[in-house]
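Enquirer: Let's see this in three dimensions:
(3 chains)
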Amino acid sequence: MSHFFLHTTLGLVILTVLECLAILVPLLMGVAYLVLAERKVLGAIQLRKGPNVVGPFGMFQTFADAIKMMTKETVIPSGANRVLFLVAPFLTFLLAMIAWAVIPTNNGWAIADINVGVLYLFAVSSLGVYGIIIAGWASNSKYAFMGGLRSAAQMVSYEVSLGLVIVCVLLVVGSLNLNDIILAQRHVWFCLPLLPMFVVFFISALAETNRAPFDLPEGESELVAGFFVEYSSLAFGLFFLGEYMNMILMSAMTSILFLGGWLPPVGIAPFTWIPGPIWLIAKICFVLFMFIWVRATFPRYRYDQLMRLGWKVFLPLSLGWMVLTAGFLLATGLLPTTTPHAAAIAASAQTPPAVEAAPSEGAG
Amino acid sequence: MNWTLALPEIVLSCSGLFILLFGVLQKRSEPSFACTMLTLVAFLVTGILVVVAPDGAGYHGQFVNDGFSRFMKILSLGAAGLAAILSLDYNRQEKTARFEFPVLLLFSTLGTLVMASSANLMTLYVGLELQSLAIYILCAFARDELTSAEAGLKYFVLGSLASGLLLYGISLVYGFAGTMEYAGLRQVLTGGAPLAAGLVIGLVFVIVGLAFKLSMAPFHMWTPDVYQGSPTSVTAFLAGAPKAAAFALLLRVLAQPFGHLAGQWQLLIEIVAIATMFLGSLAAIGQRDIKRLMAYSSIGHMGYAAMGIASATDAGIRGTLVYLATYLIMNAGTFGCILAMRRRGRALTRIEDLAGLGRTDPTLAVLMAVFMFSMAGVPPLAGFFGKLMVFAAAVQAGLWVLAAVGVVTSVIGLFYYWRIVKVMFLDAPVAGAFDHRAPSLSFVSAVTGVATVLFLLVLGPVTGAAQAAAAALFG
Amino acid sequence: MILTQIAFYLFATVLVLSAAMVVSARNPVHAVLFLILGFFNAAGLFLIAGAEFLAMILVIVYVGAVAVLFLFVVMMLDVNFTQLREGVQRYAPVGAAIGVVLLAELVFTVARWQVVPHPAPIAAGNGLPPGITNTEALGRLIYTDYVFLFQACGLVLMVAMIGAIVLTLRERPSAKRQDVSKQHARMPADTMEMMSLSLGAGTTGNHALAAGRDGFLRPHDGYGAVADEGGPGVRAPEDHEADHHHGA
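Expert: Below is the predicted model of the structure:
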């Protein structure tokens, strides 16, 4: 049996598909309950109850909304570029999903445990802007277009500091493999020694996902709904799903880069009894709660303030911190010189990663 | 690794960064003049370092220091320094005196130094890009003038095309030879293996790319528009140091790695040189604008200088180097005179505006006449010796056609240079005297004027240095 | 491996086709999107060649940043391509002739491919211990052997940056700038004053009525936004000193 799954082509394909399902099904459920959680948390902060009618504690509210959305008519505006108009939501949704291929959920557990996992994640997250800008342009509507342009400028700006923050982490780890990054946090999570970068990363993640207080691309009060103002029905649903999946992805990235991923807070008995995936999920939930908390408490930024923060504050800060980190590591001789052997680590894990499947998937 | 080899470049780039920082911090106090002065000091220091820098190759076969690179670097630094002085008053008068000007000039010059020291096709490309990119920006420096913006854009687009061709050629060469180092290429080519067609095609593309930068026919079309549209202080620089550096590249690439393929490229260079000389002299006749005329004149000069390469001998390369040295002197002087052409605060560029200059400002007129005659190759002025040496080299190499074309086009050239002298001395003045000359222009024109007239006195040392440089190239 | 070959031909075909579409697409936005598709397929080819770092960097830099800006500009400019295309017919013969020459040269080159008896060794692959990842190998080459070129490329990029600023930055003296630290440092006492009013007297005198009884707060000046020097408008005297250091 194990021979079939690990050593024949067909078996490997089936195994990979199963792995994908094992990630995606919980992910989609996660989105459903994230939406609910957001409404509940916002309600609690604003001293309301939030959804509480459909199902016990409003548990089925999201599903009811989904059914409503799917039964609506898909309206394509006249003058819209039909193909691109429909491609955009799919693109957003697709990109939000394929990023999960490299997220390790336990020691060596990832669909594709590739060497350049961080770069892959960064690449996929930097592509997210296309769904938005194409949607904005293809809608043939000025509000949508304004929203698309705003988000393009915003995401490109914050990507720069995001990349520099990632470089800081990479300097400390000496590897681009996500599993290596987590293993390097066995003794101390990076959120402590790299605290300023953790803050910069978190705020940039808010901007990358177009979340409040940086939700200018969709700012209701100025642009109606921004880039997806013309979307309805399933196309809107896909955008919605993609956005929330991106939120979860960014939370997962934050957990992996700064909060030790699937590692327990301390490596002693009661904590190590809880399996790695549970720890990862717990950390993701914590970061997501922060996302929602921020949304409930901060007013929206003005656009020039947003740009100022990205280019004039975060960029010099992260650049300076990167130089500082490199200098400190070099001066103390802590600079990792050899790559931690990803292969050896993977061999000790229970499930061998399907490494070969990675490149073709990554490119597709 | 002997990193001190590139000390002049390192010092120059560091001082460039320092000047930029200085300019930004002193923004409120109009730091353009101070930055230009600092740039001149940086050029001077770099020049001294170039002279004392040790010979040798370094940086993993990407960088080489020898007599040739030293000669070319001194030429570049000198030309760039003169251009920087010329820009001082002109930029102020044209309200384009921003501190970025000398900084960009400095980085462009840095590019020419890197080009002169290239020992690898990658170094060649990076140096060329550094030099070109800074010039594209300088061409569009007077951003509120439509012509300047157009010149910058035109130069940028065509220059990118040339860079593309160059890169394509480099990639072909790399693909067929397996290396980009000049020494390695030389080894591959002398190894006795049959010559790959792709290598020759690559070489042709490299030559085309460089010919583009040198504005040699048939790749000259950008030159007149860019010369005319750019601010004149930029044109003065554009016609000087970058040309010398591009020639340095062409000479080094052809003589060192591809020296054994002389049979392959000699004819090509010969044809290009003939076309360039004809075009430069014929197209210049009908020009009304002196900057445009200078563009065609510089095209023609590139043709003469290429004549020395076409002969593919030591003497030919020596001739080319001497020619370039004289050209840079005359060029700086001529632009000093052109920059002095302004009436009531407005810069003039039409040839008619020179009418009667012999009566209104005899000093300027005499200087201009000296430069014009020198450019035409009238003995005993500087231009004559350069021409003489390349013609002699061509004749020695048996390239009679080339030499004959050179003589014919020189005569045609004499005609249009004479026309300017005629306008200055024989025509009646139409609109009164020029404004008072800025001291920087007088200084440059006077220095280069004296150098042009008395070139005979320094002919020996210059020829000796050029001889040593040529020997280093072949040795 | 047959799968790799299939992938290679797939990527290569799509790459060539999308490159052709870039130049032939009628809509400039479509052209940019095809360019992006081309980048992706090039990244795929890099992956097949085992250069995973280059593949990812290609996607991050070109697709994630450069092409976004292309798209941005193309969408904003609203280029009228029918007008641009008027010139095409005039220059088509020349362009076609050059294309044919280039094609002939390529055919000529490929046809004589076997001229080189054995492929020359590529210098970059040498001297690396086994087990080193692609990324590390590149890093070692770039930061040790090619450090001179690396720094020179850095200078090229810096010149480009200077250029962008020189050609586009216009300092408008009238522009209002926000100084966040100044806003944060502002205390209510600096900007508000307590006024006490007797009923029906109004606020005609500014300071005459500023005795310390209960009254209301009155703002001094604009909320931290100050004009650069020479700007219009009245400013409180304490702004002058703070102005000098936030112009750059």
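Enquirer: Provide a list of residues in contact with the closest residue to chain A within the stretch 251-400 of chain B.
Expert: Per C-beta to the nearest C-beta, B:P257 is where the stretch 251-400 of chain B lies closest to chain A, at 36.0 Å. (Glycine included, C-beta is placed from N, CA and C.) Contact analysis of B:P257 by C-beta atoms under 8 Å, 6 or more residues apart in numbering or on different chains lists B:Y182, B:A183, B:L185, B:R186, B:L189.
Enquirer: Sort out which of those residues are buried, if you could.
Expert: Among the contacts of B:P257, those scoring as buried are B:Y182, B:L185, B:R186, B:L189 (criterion: 16 or more other C-beta atoms under 10 Å in any protein chain shown).
Enquirer: Identify, from the residues you listed, the entry nearest to A:V17.
Expert: B:L185 (51.4 Å; C-beta to C-beta).
Enquirer: Could I get the pLDDT score of the closest one?
Expert: The model reports B:L185 with a pLDDT of 87.
Enquirer: so it makes contact with B:T179?
Expert: Yes: using C-beta atoms under 8 Å, B:L185 is in contact with B:T179, at 6.1 Å.
Enquirer: For chain A, which helix extends over the most residues?
Expert: helix A:9-45 (DSSP state H).
Enquirer: Pull out the buried positions in the next helix or strand after that one.
Expert: Using DSSP states H and E, the helix or strand that follows helix A:9-45 in sequence is helix A:61-70. Judged by neighbour count using 16+ other C-beta under 10 Å, the buried positions of helix A:61-70 are A:Q61, A:T62, A:D65, A:A66.
Enquirer: show me where pLDDT drops low in the chain?
Expert: Since no chain was named, I'll use chain A. Along chain A, segments meeting pLDDT under 70 span A:1-2, A:218-225, A:337-364.
Enquirer: Not quite, go with chain C.
Expert: Checking chain C against pLDDT under 70 turns up C:1, C:79-88, C:109-131, C:201-248.
Enquirer: Strands of that one, start to end?
Expert: Ranges of strands within chain C are C:176-177, C:192-195, C:216-219, C:226-227, based on DSSP state E.
Enquirer: So B:L40 versus B:I10, what's the distance?
Expert: Noted for B:L40: a distance of 19 Å to B:I10, by C-beta to C-beta, to the nearest Å.
Enquirer: same check, this time on B:S108
Expert: In terms of C-beta to C-beta, B:S108 sits 17 Å off from B:I10.
Enquirer: out of the two, which sits in the busier spot?
Expert: Shown here are B:S108 and B:I10; by other C-beta atoms under 10 Å in any protein chain shown, B:S108 has more neighbours (28 against 17).
Enquirer: Please verify my assumption that that one contacts B:A79.
Expert: No: with contact defined as C-beta under 8 Å, B:S108 does not reach B:A79; the gap is 11.0 Å.
Enquirer: Spit out the residues that contact these two alike.
Expert: In contact with both B:S108 and B:A79: B:F237, B:A241, using C-beta under 8 Å, 6+ apart.
Enquirer: Show the contacting residues for residue 62.
Expert: I'll assume chain A. Applying C-beta under 8 Å, 6+ apart, the residues near A:T62 are A:A32, A:Y33, A:V35, A:L36.
Enquirer: I was after chain C.
Expert: C:F39.
Enquirer: pLDDT weak spots in chain B?
Expert: Using pLDDT under 70, chain B drops low at B:1, B:475.
Enquirer: which residue is nearest the centroid of it?
Expert: B:K243 (2.4 Å; C-alpha atoms, centre = their mean).
Enquirer: quick one: that one is in a helix?
Expert: Yes: the assignment for B:K243 is a helix, going by DSSP: H, G, I helix; E, B strand; the rest coil.
Enquirer: doesn't B:L210 make contact with it?
Expert: No: taking C-beta under 8 Å as the definition, B:K243 is not a contact partner of B:L210, at 11.0 Å.
Enquirer: Perfect, that will be all.
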